[in-house]
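Undergrad: next come a sequence and a model predicted from it.
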Amino acid sequence: MAKTKIVILGAGLGGAIAAFEVKLAVGDRAAVSVVSLGDTFHFVPSNPWVAVHWRKRGAIEVDLPPVFKKRGIGFSGVGAKRVSPAENRVELNDGQVVDYDYLIIATGPELAFDEIPGLGPHGGFTQSVCHVDHAEMAAEAFDRFVETPGPIVVGAVQGASCFGPAYEFAMLLDTDLKRRKIRDRVPMTFVTSEPYIGHLGLDGVGDTKGLLESEMRNRHIKWVTNAKVASVEAGMMHIEEIADDGSVKAAHDLAFAYSMMLPAFRGVGAVLGIEGLTNPRGFIVVDKHQRNPTFPNVFALGVCVAIAPTGKTPVPVGVPKTGFMIESMVTAIAKNLGQIIEGQPTTNEATWNAFCLADFGDGGVAFVAQPQIPPRNVNWSAEGKWVHLAKVAFEKYFLGKIRRGESEPFYEKLALDVMGLRKLKG
């Protein structure tokens with residue numbers, strides 16, 4: 001009797017740990033394989049460090065084929081061209097076709113730089129820390145910048161759903177420039193689609209508004225909220241500040257010598273426009289068991305999942321998918337697939353909690369939201385130099401986990417440890 005075929009699309013933070021955890025859940029009763037674009041895992045949370053030369057690319061990478069082979073997991077690094085859920089097949093970029101009984105989509109997003117003229121590192125005028133390739137380009141641009149310093153603009157555009165790295169990078173730049181003793185020559189402005197500083201796509205967590213506003217003031221960083229980036233040209237960003245009624249409150253032309261702006265996300269081309277599978281932005285529609293209602297043998301997790309915004313805002317603001325949430329999705333899917341193979345109904349649901357460590361180089365902000373969308377049972381945030389140390393330890397632990405092919409969930413324990421650490425620090 002042929003084994004059940006489980007295919008996972010993507011080998012980022014969600015896809016990699018899904019491969020390990022699903023394999024553990026199904027054992028030899030199913031064949032698990034991964035399709036990824038490239039053979040290398042990159043630890044995305046470290047990209048801001050790469051962009052200021054605080055990390056080298058090789059330090060945050062893991063070569064995946066030997067890890068998966070050791071765990072009995074198949075692997076292809078050629079990437080997926082198109083998913084055909086009605087036919088239970090995936091066409092790969094090299095023309096091969098992979099059939100499946102169950103598909104887990106964990107592709108992450110496509111970066112929508114093209115939606116704003118002049119945005120992005122490829123043919124545009126702004127940098128990015130969304131991918132390690134971009135972070136290396138940002139580091140090269142930063143090298144040129146420090147030779148002739150000038151204004152900096154950092155932030156996240158309309159429709160963005162990942163704000164933590166923008167705050168983190170602004171603060172890291174501030175810290176690095178101070179160490180170089182040229183911070184006094186660099187006016188800095190934070191531009192964000194959020195309705196207020198510290199919203200984070202989550203309507204704030206604990207006192208993230210107060211904590212991050214205080215950090216901005218202490219570091220002499222000005223900000224513009226409810227900002228819609230109209231276009232970018234060499235050395236100039238054109239933005240519109242939007243009022244609550246949707247009208248243009250003010251227009252700003254911000255000169256810059258260096259800029260990093262996080263883009264909006266959309267679904268990847270392999271799934272974009274598949275009726276019943278995705279929403280209009282190409283994100284995968286799932287039910288409470290992480291299954292697609294139209295194609296119930298398709299599961300999805302991570303950034304590629306469709307989640308409604310927390311509420312109406314003057315400028316579109318998406319909801320982030322943090323590691324804590326992604327891990328809970330992975331665990332739910334793994335357990336549900338184990339039940340399916342046993343002939344049982346699926347009963348497991350993801351908790352969709354949020355946990356973030358935002359390192360500022362000489363300090364940082366941490367927050368825990370359970371659940372991620374308010375109202376919450378836990379709504380906690382804190383700041384301090386300990387956050388930097390916690391993120392360094394977190395990076396080391398997570399990369400070790402991937403290199404060893406370990407599947408045990410850890411975000412909940414880590415969140416509890418961080419909250420306990422803060423209490424111990426007083």
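TA: Now that the structure is in, tell me what you want to look at. Numbering: from 1, shown residues only.

Undergrad: which residues touch Leu301?
TA: By Cβ atoms under 8 Å, 6 or more residues apart in numbering, the residues touching Leu301 are 14, 18, 104-106, 290, 326, 329-330, 333, 350. The way it works is simple: take the backbone N, C-alpha and C, and place the C-beta from them, glycine included.

Undergrad: mind checking how far it is from Leu212?
TA: Distance, Leu301 to Leu212, using Cβ to Cβ, to the nearest Å: 28 Å.

Undergrad: for Ala80, same thing?
TA: Distance from Ala80 to Leu212, by Cβ to Cβ: 38 Å.

Undergrad: more neighbours, these two?
TA: Neighbour totals were compared for Ala80 and Leu212, and Leu212 leads with 27 against 23 (other Cβ atoms under 10 Å).

Undergrad: any idea which element that one lies in?
TA: Leu212 is part of helix 208-218, with elements assigned from DSSP states H and E.

Undergrad: so where is the stretch 1-150 of the chain shaky, pLDDT-wise?
TA: Residue ranges of the stretch 1-150 of the chain with pLDDT under 70: 1.

Undergrad: repeat that with 80
TA: 1-2 (pLDDT under 80).

Undergrad: and the pLDDT at Arg422?
TA: Reported pLDDT at Arg422 in the predicted model: 47.

Undergrad: the one 3 residues further on too?
TA: In the predicted model, Lys425 carries a pLDDT score of 40.

Undergrad: show me what contacts Ile373?
TA: Taking Cβ under 8 Å, 6+ apart, we find Ile373 in contact with 202, 310, 319, 352.

Undergrad: wait, Asn292 touches Ala300, no?
TA: Yes: shown here, Asn292 and Ala300 form a contact pair, counting by Cβ atoms under 8 Å, at 6.8 Å.

Undergrad: list residues touching both of the two?
TA: Contacts common to Asn292 and Ala300, judged by Cβ under 8 Å, 6+ apart, are 284, 286.

Undergrad: and the two? Which one has more around it.
TA: Neighbour count, other Cβ under 10 Å: between Asn292 and Ala300, Ala300 has more, with 27 against 21.

Undergrad: look up how far Ser36 lies from the closest residue to the more buried one other than its chain neighbours.
TA: Distances taken as Cβ to Cβ, 6 or more residues apart in numbering put Ile284 closest to Ala300, at 3.7 Å, once the chain neighbours are dropped. Separation of Ile284 from Ser36 (Cβ to Cβ): 17 Å.

Undergrad: excluding its backbone neighbours, what's nearest Tyr258?
TA: Leaving aside its chain neighbours, Tyr258 sits nearest to Phe145 (4.3 Å; criterion: Cβ to Cβ, 6+ apart).

Undergrad: in contact with that neighbour, which residues?
TA: Phe145 makes contacts with 152, 257-258, as judged by Cβ under 8 Å, 6+ apart.

Undergrad: torsion angles phi and psi at it?
TA: phi -60, psi -40 (degrees, to the nearest 10).

Undergrad: repeat that for Met236.
TA: Main-chain torsions, Met236, degrees, to the nearest 10: phi -150, psi 130.

Undergrad: contacting residues around it?
TA: For Met236, the contact set (Cβ under 8 Å, 6+ apart) comprises 253-256.

Undergrad: which residue ranges form the helices in this structure?
TA: Applying DSSP state H to the chain gives helices spanning 13-26, 47-51, 64-70, 132-147, 164-180, 208-218, 323-341, 386-404, 411-425.

Undergrad: tabulate the ones you listed (TSV), appending distance to Glu241.
TA: Formatted as TSV, the helices of the chain follow (distance: least, Cβ to Cβ, whole Å):
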stretch	distance to Glu241
helix 13-26	34
helix 47-51	26
helix 64-70	44
helix 132-147	26
helix 164-180	17
helix 208-218	17
helix 323-341	31
helix 386-404	31
helix 411-425	35
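
Undergrad: average pLDDT across stretch 368-376?
TA: Stretch 368-376 comes out with an average pLDDT of 88.

Undergrad: any idea how far Ser76 is from Leu92?
TA: Per Cβ to Cβ, Leu92 is found 6 Å from Ser76.

Undergrad: and the two? which has more neighbours close in?
TA: Taking other Cβ under 10 Å, Leu92 and Ser76 do not tie; Ser76 has more neighbours (21 against 17).

Undergrad: skipping adjacent residues, who's closest to the more buried one in space?
TA: Leaving out its chain neighbours, the residue that sits closest to Ser76 by Cβ to Cβ, 6+ apart is Val35, at 5.0 Å.

Undergrad: for the one you found, the count of nearby residues, please.
TA: Counted with other Cβ under 10 Å, the neighbours of Val35 add up to 26.

Undergrad: tell me what it is bridged to.
TA: Leu9, Ser76 (DSSP bridges).

Undergrad: residues in contact with it?
TA: Here Val35 is in contact with 7-10, 75-76, 78-80, 90, 92, 98 (Cβ under 8 Å, 6+ apart).

Undergrad: equivalent analysis for Gly198, please.
TA: By Cβ under 8 Å, 6+ apart, the neighbours of Gly198 are 204, 207-213.

Undergrad: let's have those in a markdown table, adding pLDDT.
TA: Output for the contacts of Gly198, formatted as a markdown table (pLDDT from 0 to 100):
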| residue | pLDDT |
| --- | --- |
| Gly204 | 95 |
| Asp207 | 94 |
| Thr208 | 96 |
| Lys209 | 97 |
| Gly210 | 96 |
| Leu211 | 95 |
| Leu212 | 97 |
| Glu213 | 98 |
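
Undergrad: gap between Pro345 and Asn336?
TA: 9 Å.

Undergrad: in terms of neighbours, single out the busier of these two.
TA: Asn336 (23 against 8).

Undergrad: find me the pLDDT at the more buried one, would you?
TA: On the pLDDT scale, Asn336 is placed at 98.
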